[in-house]
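[1] Give me a model of this one.
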Amino acid sequence: MLRSWAVPRGLPEDPRRNRLAIHVPDHDLDHLTYEDADKSIADTGTWWLENRDERRFVFVLQGRSGARRYALIRTSEADHDWLLHLTVDQPPIA
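    Numbers count the residues shown, from 1 in each chain. The predicted model follows:
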């Protein structure tokens with residue numbers, strides 16, 4: 001299964017600009033390459049969890065253009081309301 005979030009305005013490129021991230025139903029792995037006029041895949045690669053608590057989790061995405069550290073921050077008690085934040089501290093460039 002793919003844990004999935006819709007990020008309507010794309011991944012944040014600036015730590016000062018968070019993005020809405022809406023948790024959507026998990027997808028089967030056969031959706032890994034699915035795109036249409038309304039949906040696109042921001043990146044592919046691997047990820048690893050660095051830190052997690054009840055309100056947020058910090059993870060690194062290793063994608064086609066390198067590694068970026070993000071935090072998903074829960075904004076309400078509902079599991080679908082999140083902000084995606086590009087952290088100030090980033091992994092070293094490999």
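[2] Now do the lowest-mean-pLDDT helix or strand in the chain: distance to the chain's middle.
    The helix or strand of the chain with the poorest confidence is strand 2-6; it has a mean of 76 (mean pLDDT, DSSP states H and E). Remark: strand 2-6 is offset 8 Å from the chain centroid, using C-alpha atoms, centre = their mean, to the nearest Å.
[3] Format the CA atom coordinates belonging to the following helix or strand past it as PDB.
    Going down the chain from strand 2-6, the next helix or strand is strand 19-27, by DSSP states H and E. The C-alpha trace of strand 19-27 is given here as PDB (Å, rounded to 0.1, in the frame of the first residue of the first chain):
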ATOM      1  CA  ARG A  19       1.600  23.600   1.600                       C
ATOM      2  CA  LEU A  20      -1.800  22.100   2.300                       C
ATOM      3  CA  ALA A  21      -1.500  18.200   2.400                       C
ATOM      4  CA  ILE A  22      -4.800  16.300   2.400                       C
ATOM      5  CA  HIS A  23      -4.600  12.600   3.500                       C
ATOM      6  CA  VAL A  24      -6.400  10.600   0.900                       C
ATOM      7  CA  PRO A  25      -7.200   6.900   1.000                       C
ATOM      8  CA  ASP A  26      -4.200   4.600   0.700                       C
ATOM      9  CA  HIS A  27      -3.500   3.300  -2.800                       C
END
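[4] could you pull out the strands for the chain?
    Assigned by DSSP state E, the chain shows strands spanning 2-6, 19-27, 46-52, 56-63, 66-74, 81-86.
[5] Relative to S40, which of the ones you listed is closest?
    Comparing the strands of the chain by their distance to S40 (C-beta to C-beta), the top pick is strand 2-6, with 10.8 Å. Quick note: C-beta positions are derived from backbone N, CA and C, even for glycine.
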